[in-house]
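# what follows is a predicted structure for the sequence shown.
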Amino acid sequence: MSIAPLSQLRLVAARTPEGVAIIEESGRRATFRELVARVERIERGLSAQGMRRGDRVLFAIRPSEVAIASMLAITELGAVIVAAQIGVGDELFAAQMRAVRPSWVVAESALVAAMGSKVVHRIVKMRGGALPSLDALLDALLGARFVASGPWLPGLRGAVRLEELERDTQRAANERVVMEPEPTVPPNITSAAFIVFTSGTTAAPKAVIHSRGSLEATLEVVSGLLAIAPGDRLLARELHLLLPALLAGATVYVPRGQRYDLHRTARALVEHRITHMYEVTANLVRLVEYFERSRSSLPTSLRHVMVGAAPVRQAFFRRLRNVLSANARAWCVYGMTEILPIAAIEIEEKLAYDQDGDIVGRPVDGVRVEISIDGELIVYGPHLFTGYLGGPTVSSLATGDLAIIDDGRIVLIGRAKDMIIRGNYNIYPELYEPTIERVAGVRRCAMVGVYSEATADECIVLAVEAEPGVNAEGLVRRLRQEMRDGPARIDNAAQPDFIFVMALPESGRSHKVDKRALRETARKRLECA
């Protein structure tokens with residue numbers, strides 16, 4: 001039985017009150033005693049303002065001491081944290097808010113001010129992003145209570161400052177207002193502790209709902225994977241990794257904001273003697289390239305590296321091993337928002353696997369898997385989400401990944417939605433992409449199907465990102481030869497009709513290959529050919 005996070009944090013603070021819990025990029029530090037005291041102050045302040053069990057709280061504070069303390073306080077009150085998805089534009093943001101109807105907003109003052117700035121909106125749009133306007137925020141959250149963290153800035157009229165609540169909880173109690181009765185909401189929200197939107201449209205936003213039990217089980221499972229202890233130091237941005245480290249008595253280093261800064265990360269690894277690090281694949285690729293260019297290695301203090309959020313293939317793991325010290329261990333973690341993690345594998349085992357498909361390892365403790373009659377991976381576990389917003393409670397998850405089990409290890413062989421149908425053959429690109437990436441000069445690749453009016457069938461397009469300095473024409477010739485008769489031989493039915501050497505488009509914070517965009521790019525190229 002797991003211990004509630006704040007109770008466990010109090011035990012850590014009792015053992016090592018002056019131990020450093022959090023180091024922020026700004027240099028600010030907080031001890032375990034100070035962190036627990038801050039959680040308790042925020043909890044009392046929010047309670048005095050009227051926050052109660054079951055209240056839904058839109059949360060928009062970047063990873064930091066105040067973010068960790070606020071989330072723990074909100075959870076301790078029994079309120080529901082709704083992770084803000086800011087970069088989606090007015091219409092989808094409003095649809096999401098209508099679906100969950102938050103009665104509270106806890107946000108950074110700088111973020112709220114940015115939403116009210118036309119200059120910021122223009123900059124975000126120029127970079128291809130979207131940001132809800134302040135008017136859209138206020139309209140979507142009509143009647144919600146605002147609590148702002150940070151300096152007083154334009155757009156905060158009517159908000160209560162979090163720092164003031166900490167300083168004067170008695171005054172907060174005197175200013176408490178009576179909340180209006182809550183509107184009707186989907187029934188499965190009532191058992192929620194955490195809600196995060198993953199996709200959807202303005203008509204049907206899709207959100208994952210976790211209960212307090214599934215969250216605490218997640219912390220327990222992740223803690224076992226981290227293998228972290230007092231005195232260790234973790235660099236990460238994700239709360240489900242920061243909290244287990246803190247509860248183990250380790251120190252967490254929190255980079256500024258969500259935008260990845262390569263040079264600051266490299267400097268932090270050395271200056272703060274980081275022992276554990278978690279990164280999404282795209283960021284870790286950039287970090288490895290940085291050390292390759294400088295012909296140096298990651299610091300010897302770094303003993304444990306975890307990578308996740310996108311497929312990680314053998315070619316990259318070889319490069320990672322080359323810049324790691326001999327005593328360091330690196331793991332690839334496979335999971336989804338609905339259940340994280342599902343499986344994990346150490347790089348030596350992944351490098352030794354010479355069969356087709358992407359091996360992601362054995363299920364972690366508590367996870368049970370099965371393969372459906374259609375080949376889809378089904379997972380069960382104590383940290384499984386409770387269901388999607390407005391949907392029924394679930395006991396298992398159909399992952400959408402096609403898989404086989406090899407000696408107890410999960411091997412992904414494709415995604416049903418990425419399947420290409422050519423003639424009488426069903427072709428699963430992820431079955432062949434790892435094999436193709438073994439060809440010298442290939443950094444990564446992706447295979448998509450493009451419908452041809454001329455043949456009334458799908459043709460196969462292979463897009464390849466080349467290593468620096470590799471001649472594109474020579475690489476295409478080598479690929480053709482090795483895919484037909486060489487060590488990267490693949491099924492005749494899957495031989496590509498076209499090979500493009502190009503930069504692969506990416507999507508989302510995890511920088512996964514955007515196959516929808518790639519398919520459209522390939523279609524346009526073929527039309528012009």
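Now that the structure is in, tell me what you want to look at. Numbers count the residues shown, from 1 in each chain.
# and the next element down the chain from the longest helix anywhere in the chain?
Counting residues, the longest helix in the chain under DSSP state H turns out to be helix 32-49. Sequence order places strand 56-60 as the next helix or strand after helix 32-49, per DSSP states H and E.
# what mean pLDDT does that following strand have?
Mean per-residue pLDDT for strand 56-60: 93.
# so what strands line up beside that strand?
Strand 56-60 sits in its sheet next to strand 80-83 (parallel), strand 104-108 (parallel), going by DSSP bridges.
# now the terminal residues of stretch 320-340, how far apart.
Using Cα to Cα, to the nearest Å, one end of stretch 320-340 lies 23 Å from the other.
# er, stretch 146-153 actually
Terminal residues of stretch 146-153 are spaced 13 Å apart (Cα to Cα).
# same thing with stretch 272-292?
For stretch 272-292, the end-to-end distance is 21 Å (Cα to Cα).
# and for stretch 497-506?
The straight-line separation of the ends of stretch 497-506 (Cα to Cα) is 23 Å.
# ok, which stretches of the stretch 251-400 of the chain are strands?
Counting by DSSP state E, counting those that start in this stretch, residue ranges of the strands within the stretch 251-400 of the chain are 251-254, 276-280, 304-308, 329-336, 339-346, 358-363, 368-371, 376-380, 387-388, 397-406.
# export the longest one to CSV, keeping only CA atoms.
If I follow you right, that is strand 397-406. Taking C-alpha atoms only, strand 397-406 is exported to CSV below (Å, rounded to 0.1, in the frame of the first residue of the first chain):
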residue,chain,number,x,y,z
LEU,A,397,-6.4,-0.4,-22.3
ALA,A,398,-6.2,-1.3,-26.0
THR,A,399,-2.9,0.6,-26.8
GLY,A,400,-3.4,0.8,-30.6
ASP,A,401,0.1,-0.8,-30.9
LEU,A,402,0.5,-4.1,-32.7
ALA,A,403,2.9,-6.4,-30.8
ILE,A,404,4.3,-9.8,-30.2
ILE,A,405,5.7,-11.3,-27.0
ASP,A,406,9.2,-12.6,-27.2
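# including mean pLDDT and distance to residue 4, could the strands paired with strand 56-60 go into a markdown table?
Where C-beta positions appear, they are placed from N, C-alpha and C, glycine not excepted. Below are the strands paired with strand 56-60 laid out as a markdown table (pLDDT from 0 to 100; distance: least, Cβ to Cβ, whole Å):
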| stretch | mean pLDDT | distance to residue 4 |
| --- | --- | --- |
| strand 80-83 | 94 | 15 |
| strand 104-108 | 90 | 20 |
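# lowest-confidence helix or strand of this structure?
Ranked by mean pLDDT, DSSP states H and E, the weakest helix or strand in the chain is helix 169-174, scoring a mean of 48.
# quick check: buried residues in the helix or strand following that one?
Per DSSP H and E, helix 169-174 leads on to strand 194-200 as the next helix or strand towards the C-terminus. Buried residues in strand 194-200, counted by 16 or more other Cβ atoms under 10 Å: 194, 195, 196, 197, 200.
# let me know the closest of these to residue 248.
Closest approach between those and residue 248, by Cβ to Cβ: residue 194, at 21.0 Å.
# nearest spatial neighbour of that closest one, chain-adjacent residues omitted?
Excluding its sequence neighbours, the residue lying closest to residue 194 (Cβ to Cβ, 6 or more residues apart in numbering) is residue 210, at 4.4 Å.
# where does the one you found land on pLDDT?
For residue 210, pLDDT reads 95.
# how far away is it from residue 337?
Residue 210 sits 9 Å away from residue 337, going by Cβ to Cβ, to the nearest Å.
# got it, and residue 490?
From residue 490 across to residue 337, the span is 32 Å (Cβ to Cβ).
# who has more neighbours, those two?
Taking neighbours as other Cβ atoms under 10 Å, residue 490 and residue 337 compare with residue 490 leading, 19 against 14.
# quick check: the more buried one touching residue 436?
Yes - here residue 490 reaches residue 436: they are 7.1 Å apart, a contact under Cβ atoms under 8 Å.
# which residues do the two both contact?
Taking Cβ atoms under 8 Å, 6 or more residues apart in numbering as the contact rule, residue 490 and residue 436 both touch residue 483.
# domain ranges for the chain, per the record?
Domains of the chain are assigned by automatic domain parsing as 5-213, 257-416, 419-528.
# re earlier: residue 80 versus the residue nearest to residue 194, what's the distance?
From residue 210 to residue 80 the distance is 10 Å (Cβ to Cβ).
# same question for residue 198.
Noted for residue 198: a distance of 17 Å to residue 80, by Cβ to Cβ.
# what two of the buried residues of strand 194-200 are the furthest from one another?
Spatial extent of those (Cβ to Cβ) is set by the pair 194 and 200 at 17.3 Å.
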